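> Structure for the following, please:
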Amino acid sequence: MNITDVRIRKIPADGKLKAIVSVTFDNEIALHDIKIIEGNDSLFLAMPSRKLPNGEYRDIAHPINAETRKELEDVVFKKYEEVLNEIQSEDSENEEE
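Next up is the predicted model:
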């Protein structure tokens with residue numbers, strides 16, 4: 001299964017939540033509400049989850065193995081960096097005007 005599209009849907013201004021992402025696989029299946037979170041040492045992906053009656057959260061979709069998780073992280077973080085660079089470029093252009 002190939003990742004065919006990554007969309008950064010929202011980048012909040014403050015806090016540990018850095019972005020909300022949607023990923024499309026093989027132009028056929030979309031996975032929404034993946035979160036990019038700032039951890040203590042680095043960014044990480046939090047997969048879509050549901051709150052259980054006991055207060056715990058359980059992923060409703062997630063990679064099955066480490067290789068797939070790594071591929072997903074690499075593609076999503078690359079796109080996130082591209083979007084951040086675009087935003088910074090736009091901010092720099094607006095400051096110059």
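
> okay, now the closest residue in space to Lys16 that isn't next to it in sequence: neighbour count?
Excluding the flanking residues, the one nearest Lys16 by CB to CB, 6 or more residues apart in numbering is Glu38, at 4.6 Å. Where you see a C-beta, it was placed from the backbone N, CA and C, and this is true even at glycine. Glu38 has 12 neighbours, counted by other CB atoms under 10 Å.

> Show me what Glu38 bridges to in the sheet.
On the basis of DSSP bridges, Glu38 is bridged to Leu43.

> who touches it in this structure?
Lys16, Leu17, Lys18 (CB atoms under 8 Å, 6 or more residues apart in numbering).

> for the worst-scoring helix or strand of the chain on mean pLDDT, which positions count as buried?
The weakest-scoring helix or strand in the chain, judged by mean pLDDT, DSSP states H and E, is helix 66-96 (a mean of 88). Under the neighbour-count criterion of 16 or more other CB atoms under 10 Å, helix 66-96 has Leu72, Val75, Val76, Phe77, Lys79, Tyr80, Val83 buried.

> same check, this time on stretch 1-9
Ile3, Val6, Ile8.

> Need the pLDDT of the last one.
Spelled out, it's Ile8. Ile8 is assigned 95 on the pLDDT scale.

> roughly how far apart are it and Glu67?
23 Å (CB to CB, to the nearest Å).

> now do Arg9
26 Å.

> for Gly55, same thing?
32 Å.

> again, but for His32
From His32 to Glu67 the distance is 23 Å (CB to CB).

> before we move on, back to that, nearest to Ser42, of the buried residues of helix 66-96?
Lowest distance from Ser42 to the buried residues of helix 66-96 (CB to CB) belongs to Phe77, with 9.5 Å.

> show me what contacts the closest one?
By CB under 8 Å, 6+ apart, the contact set of Phe77 is Ile36, Leu43.

> 7 Å instead, please
Each residue near Phe77 by CB atoms under 7 Å, 6 or more residues apart in numbering is listed here: Leu43.

> I'd like to check what contacts stretch 64-74. Which residues are they?
Here stretch 64-74 makes contact (CB under 7 Å, 6+ apart) with Ile3, Val23, Leu45, Pro63.
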